[in-house]
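S.K.: sequence first, then the predicted structure:
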Amino acid sequence: MTKETMRPQGYVDAHLHVWEFSLFNHFASLERCSNLEELVATLRSRLVEGWAIGVRFNQERLAEKIIPGRAFLDHAFGSTPAVIVRTCLHLAAANTAAMQRLGFFAENGLFHEAEVFKLLNTLVASLNLEPGDILSRGLRELKKLGIIKVIDMGMDRDKRPFFEGLDQGVKVDFYTVDFELLDEALGFKVFLDGGLGARTAALTEEYADDPGNYGMLNYTDEALLSLVDKVHQKGKPIAAHAIGDRAIDQFLRVVRQSRHPLDRLEHVQYARDEQLDTLAELEIPVCIQPIFSREISWAVHRLGPERMKTAYAWGLMKDKGIRLLAGSDAPVEGHDPREAAATVACLKGRHHLDFEEVLDLFARANWELYNG
């Protein structure tokens, strides 16, 4: 079958958080805030049921370069519950009033990794939002861009009922984080580490801008192998979130002991050269997010110039023969495949992919893995 006959009549996003993408459109976006004063004003201008809720927050865009925690939010909002979710979905901040209402507590008001998704689910229940309406609007937004199919990368038993009976012209398949849903899922999503923005991605060398911090692994090798074996015994693959090179090392150690032919690796924002060779040799598909190249301007401060040579190196991955898929990871970043293509087409060397190459990943490459 030729490349043209395999290409679907639209785009397939191989890595997207459908519920969170739809939900984020319901709250105040903080992505254009350039300082804390603007952030507070934006939140106050768009209260939802008396709550100050902001999403797509990125401290790198603020003049102060800080994450506002409990003390700041208490001072700014007092008895008004306030929640801020970082764009990467790996960090959220809440004030005392919000934590009291939600039943979550952290001394500094900061929540990480899986806690963020639990906090969001509890928040939705507290606000009495209508999930079906929110999802329908989100799917219509995706359809406008020519997206005909998405693969949700974090389905759980709380969100699953929201998707019943939805038909907005966009097919939704999913990987799950909940074993109860594994039989109907494409596979199981595993978070091996965090993110570079929150300095929780697992690195073998310390963060260049945070000496002594190497990020964090969410599993021991033994616990991860046990989990992966359990998934594989059900005849399902894993999709492993790995942003730092230490997480990629762990993934490679485990899949050498337990492997499904459709196991895939997500993100790979920083990998060492020899790791990329191994991924190509083992024929492991890697789902990249080309639009993450927008992070290069601040990621260099996290990694330093030497590590940046193989960071966000989509072109190098292609040249090494790694089977690439493409996703947006929305709402972490923009969801338009053409915007992603334009972002990397402007880059040079190892970071570059041609505009049409990226669109081909969103169309043919993604489609072939699950429909070929």
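M.R.: Received it, and whenever you're ready, just let me know what you need.

S.K.: can you pull the pLDDT of the closest residue to L262 other than its chain neighbours?
M.R.: In space, and not counting its chain neighbours, L262 is closest to P237: 3.9 Å by C-beta to C-beta, 6 or more residues apart in numbering. C-betas here are computed from N, CA, C, even on glycine. The predicted local distance difference test score for P237 is 98.

S.K.: D13 is in what secondary structure piece?
M.R.: The secondary structure element spanning D13 is strand 11-16 (assigned by DSSP states H and E).

S.K.: which other helices and strands contact that strand?
M.R.: strand 147-155, strand 324-326, helix 366-371 (3 or more C-beta pairs under 8 Å, 6 or more residues apart in numbering; DSSP states H and E).

S.K.: and the shortest one, what other elements does it pack with?
M.R.: In this case it means strand 324-326. If contacts are counted by 3+ C-beta pairs under 8 Å, 6+ apart, strand 324-326 sits against strand 11-16, strand 286-288, helix 314-319, helix 366-371.

S.K.: pull the residues that contact the helix or strand immediately after the second one in the chain.
M.R.: In the C-terminal direction, the helix or strand that comes right after strand 286-288 (DSSP H and E) is helix 296-307. Counting contacts by C-beta atoms under 8 Å, 6 or more residues apart in numbering, the residues outside helix 296-307 that touch it are 60, 196, 199, 203, 205, 207-210, 269-270, 308, 311-312, 347, 351.

S.K.: any buried residues in helix 296-307, and which?
M.R.: Going by neighbour count (16 or more other C-beta atoms under 10 Å), the buried part of helix 296-307 is 296, 298-300, 302-303, 307.

S.K.: strands along this protein, start to end?
M.R.: With DSSP state E as the definition, the chain shows strands at residue ranges 11-16, 28-29, 52-57, 82-86, 91-94, 110-112, 147-155, 171-176, 187-191, 238-242, 264-267, 286-288, 324-326.

S.K.: can you give me the end-to-end span of stretch 277-295?
M.R.: Using C-alpha to C-alpha, to the nearest Å, the span of stretch 277-295 from its first residue to its last is 24 Å.

S.K.: quick one: that stretch to chain centroid distance?
M.R.: Relative to the centre of its chain, stretch 277-295 is centred 14 Å away, using C-alpha atoms, centre = their mean, to the nearest Å.

S.K.: okay, the helices and strands packed on strand 324-326, which one's buried deepest?
M.R.: Highest mean neighbour count of the helices and strands packed on strand 324-326: strand 11-16, a mean of 28 (counted as mean count of other C-beta atoms under 10 Å).

S.K.: other residues contacting that one?
M.R.: By C-beta under 8 Å, 6+ apart, the residues outside strand 11-16 that reach it are 142, 145-153, 266, 287, 289, 325-330, 335, 337, 359, 362-363, 366-367, 369-370.

S.K.: from those, list the buried ones, please.
M.R.: Listed as buried from the contacts of strand 11-16 are 142, 145, 147-153, 266, 287, 289, 325-330, 335, 337, 359, 362-363, 366-367, 369; burial here means 16+ other C-beta under 10 Å.

S.K.: got JSON lines for the helices and strands packed on strand 11-16, with mean pLDDT too?
M.R.: Putting the helices and strands packed on strand 11-16 into JSON lines (pLDDT from 0 to 100) gives the following:
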{"stretch": "strand 147-155", "mean pLDDT": "95"}
{"stretch": "strand 324-326", "mean pLDDT": "98"}
{"stretch": "helix 366-371", "mean pLDDT": "88"}
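
S.K.: out of the ones you listed, the one nearest G165 is which?
M.R.: G165 lies closest to strand 147-155 among these, at 15.9 Å (C-beta to C-beta).

S.K.: which strands and helices sit next to that closest one?
M.R.: The elements that strand 147-155 packs onto, with contact taken as 3+ C-beta pairs under 8 Å, 6+ apart, are strand 11-16, helix 18-24, strand 171-176, helix 366-371.

S.K.: now these as a markdown table including distance to Q233?
M.R.: What follows is those, written out as a markdown table (distance: least, C-beta to C-beta, whole Å):
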| stretch | distance to Q233 |
| --- | --- |
| strand 11-16 | 25 |
| helix 18-24 | 28 |
| strand 171-176 | 16 |
| helix 366-371 | 22 |
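
S.K.: show the buried residues in the contacts of helix 296-307.
M.R.: Members of the contacts of helix 296-307 that pass the buried threshold by neighbour count (16+ other C-beta under 10 Å) are listed as 196, 199, 203, 207-208, 269-270, 308, 311-312, 347, 351.

S.K.: give the residue spans of the stretch 1-150 of the chain that score low on pLDDT.
M.R.: 1-8 (pLDDT under 70).

S.K.: show me where it has helices.
M.R.: Listed in chain order, the helices of the stretch 1-150 of the chain (DSSP state H, counting those that start in this stretch) span 3-6, 18-24, 36-45, 70-77, 96-102, 114-127, 131-144.
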